[in-house]
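Novice: I'd like to go over a predicted model; first the sequence, then the structure.
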Amino acid sequence: MGVIESQIRVANIIEDGRLAGPQKRILMVASALSKKIETNVIFPKKNSEEFRLNCHESGIKYLPLSLTTMSNNLYSIIKYIVLFPYEILILLFLFKKHRFNLVHVSGGCWQFKGVIAAKLAKIKVVWHLNDTYAPFFLRKIFSYLSPYANSFIFASEKTKQYYKNLIPSKSKNFLIQSPVDVNFFNPNLKYSLEELQKKFLIENKIVIGTIGNINRNKGHVTFLKTAKLLSSYSKDIIFLVVGPIYESQQKYFKYLKDIIKKEKIENVYFLNHKKDVRPILKIIDIYVCSSDNEASPLSVWEAMSMEKAIVSTDVGDVSKFINDGVNGFVVNKKESQSLANKIIKLIEKPQLRKDFGESARFTAKNKLDLKLCVNLHTMVYEKTFFENIKN
């Protein structure tokens, strides 16, 4: 192309510092691209301790800033609006100071600041969309700002269909699923399981697990209703819910605990955040995704890579990679009875669990591996950066 790849300097900005799927994707891709493309990750200081630590451990350059995150309470909304112009100026000066030549806006359609600041700095923008639902007013603002982006990345086919009428018809757009490192999420590695086995007394029991931040989108109410149905089927089932419980979700978490108490659901354990979920996945017999909204659910891909039998609601692109009855089961959202029926089928057929798990890992290795995602990101960066540049 006449210009070497190392000249592409990317500012990858996300307006939420809490470690979740999008942040993990940023970490994996930035680390894998480090020899070709320099990435600086920009995120809010608040609630970002673990994200910062992961950046440091991965050798990724990062710039935590005093950025406000949009939230659903009135005080946060007012603060966000008042500080909005000032924070755009902070980003504008930062982009110019570090001489970035590409801004990758991660986190979804509501991540406006990076787009506006990049436009003012005359830097090209890749806007990464990774959800399948946004309130009307956010969609309206997004449709107004979308022409400022040079390229779009959609995290799933369903995301693309959701936003396609809100972006310019001639814009460059790419479909890139969340990646999973199949060499890291490898069921054949050795894991220390004694502590978990002792804690939950899992011998001769079936372990049902789900992983994800404790928030309403993850469908934990459906998961608990399913657990209630399965408890009636057998007392030898353990339910593990793994994921951080942030301050903003404490009220929702209390609501979940109240359901457990009221319905007298037994053997449900909330494990909060685990830095390494592989030992948890190793002891899980059946992985359940009960989400109401997803795009490209990383936790499902990780479970697939660990050879777990999957039972999932039909969210995001799950049905694109989980072929119902072939390498897992897919049911409609909020249908706890359907989830329970499919889980019982897998409990009663251990060989089917094994077959589903092996087939799921094969799919993860061939369609969702990190290497595929990295190659696609490189292509997006190059096509966006070199657009209209003459050799």
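Specialist: The structure has been received and is ready for your questions.

Novice: Any buried residues in the one helix or strand in the chain whose mean pLDDT sits lowest, and which?
Specialist: The weakest-scoring helix or strand in the chain, judged by mean pLDDT, DSSP states H and E, is helix 194-200 (a mean of 79). For helix 194-200, a neighbour-count test (16 or more other Cβ atoms under 10 Å) marks 196, 200 as buried. To be clear about C-beta, it is placed using only N, CA and C from the backbone, and glycine gets the same treatment.

Novice: What lies in contact with it?
Specialist: Contact with helix 194-200 is made by 202-203, 207, 238, 240, 269, 279-280, 283, as judged by Cβ atoms under 8 Å, 6 or more residues apart in numbering.

Novice: where does it sit relative to the chain's centre, distance-wise?
Specialist: How far helix 194-200 lies from its chain's middle: 28 Å, per Cα atoms, centre = their mean, to the nearest Å.

Novice: Check what contacts the helix or strand that it is followed by and list those residues.
Specialist: Using DSSP states H and E, the helix or strand that follows helix 194-200 in sequence is strand 206-211. Residues from elsewhere that reach strand 206-211 (Cβ under 8 Å, 6+ apart): 200, 218, 220, 223, 227, 230, 234, 236-243, 277, 280-281, 283-290, 299, 302-303, 343, 347.

Novice: out of the residues you listed, which are buried?
Specialist: 200, 218, 220, 223, 227, 230, 237-243, 277, 280-281, 283-290, 299, 302-303, 343, 347.

Novice: can you pull out the strands in the stretch 151-300 of the chain?
Specialist: Ranges of strands in the stretch 151-300 of the chain, per DSSP state E, counting those that start in this stretch, are 151-154, 172-175, 206-211, 237-242, 268-272, 286-289.

Novice: which residue packs closest to Y162, ignoring adjacent ones?
Specialist: Nearest-residue entry for Y162: T132, 5.1 Å, with adjacent residues in sequence omitted and distances by Cβ to Cβ, 6 or more residues apart in numbering.

Novice: Same question for H56.
Specialist: That would be Y62: by Cβ to Cβ, 6+ apart, it lies 7.6 Å from H56.

Novice: buried stuff in the strand or helix carrying that neighbour?
Specialist: Counting by DSSP H and E, the element that carries Y62 is strand 61-65. Buried positions in strand 61-65, judged by neighbour count with 16+ other Cβ under 10 Å: 61-62, 64-65.

Novice: what's the closest of these to G325?
Specialist: Among these, Y62 lies closest to G325 (Cβ to Cβ), at 43.7 Å.

Novice: other SSEs contacting the lengthiest helix in the chain?
Specialist: When the chain is parsed with DSSP state H, its longest helix is helix 74-97. Helix 74-97 is packed against strand 9-13, strand 61-65, helix 113-120, with contacts defined by 3 or more Cβ pairs under 8 Å, 6 or more residues apart in numbering; DSSP states H and E.

Novice: let's go with 7 Å and repeat that
Specialist: Under the contact definition 3 or more Cβ pairs under 7 Å, 6 or more residues apart in numbering; DSSP states H and E, helix 74-97 sits against helix 113-120.

Novice: The helix it packs on to strand 9-13, inter-axis angle?
Specialist: Here the directions of helix 113-120 and strand 9-13 differ by 140 degrees (axes from the mean of the first three to the mean of the last three Cα atoms, to 10 degrees).

Novice: Other residues contacting helix 113-120?
Specialist: 13, 15, 87-88, 91-92, 95, 103, 105, 125, 127, 145, 148-149 (Cβ atoms under 7 Å, 6 or more residues apart in numbering).

Novice: same deal with stretch 94-104?
Specialist: With Cβ under 7 Å, 6+ apart as the test, stretch 94-104 has contacts from 8-13, 40, 63, 114, 117-118, 121, 123-126, 128, 381, 384-385.

Novice: switch to 6 Å and redo it
Specialist: Identification of contacts with stretch 94-104 by Cβ atoms under 6 Å, 6 or more residues apart in numbering yields 8-12, 114, 118, 121, 123-126, 385.

Novice: Could you do stretch 297-310 as well?
Specialist: The contact list for stretch 297-310, computed with Cβ under 6 Å, 6+ apart, reads 21, 178, 180, 182, 185, 187, 211-212, 281, 284, 286-287, 289, 316, 322, 328, 346, 353, 356-358, 360-361, 364, 368.

Novice: make it 7 Å
Specialist: Taking Cβ under 7 Å, 6+ apart as the rule, stretch 297-310 contacts 21, 24-25, 178, 180, 182, 185, 187, 211-212, 277-278, 281-282, 284, 286-287, 289, 291, 312, 315-316, 318, 322, 328, 346, 353, 356-358, 360-361, 363-364, 368.

Novice: again with stretch 349-361
Specialist: With Cβ under 7 Å, 6+ apart as the criterion, stretch 349-361 contacts 285-286, 304-305, 307-310, 326-328, 346.

Novice: swap the cut-off to 10 Å and go again
Specialist: 182, 185-188, 206, 285-287, 300-301, 303-311, 321-323, 325-329, 345-347 (Cβ atoms under 10 Å, 6 or more residues apart in numbering).

Novice: got it, and stretch 244-260?
Specialist: With contacts defined as Cβ under 10 Å, 6+ apart, stretch 244-260 is touched by 18-20, 47, 50, 69, 71-73, 76, 212-216, 218, 220-221, 223-225, 227-228, 239, 241, 243, 265-266, 268, 270, 272-274.

Novice: now do 8 Å
Specialist: Here stretch 244-260 makes contact (Cβ under 8 Å, 6+ apart) with 18-19, 47, 71, 213-216, 220-221, 224, 265, 268, 270, 272-273.

Novice: Check which residues of that stretch are buried.
Specialist: Neighbour-count burial for stretch 244-260 [16+ other Cβ under 10 Å]: 244-246, 249, 252-253, 256, 259-260.
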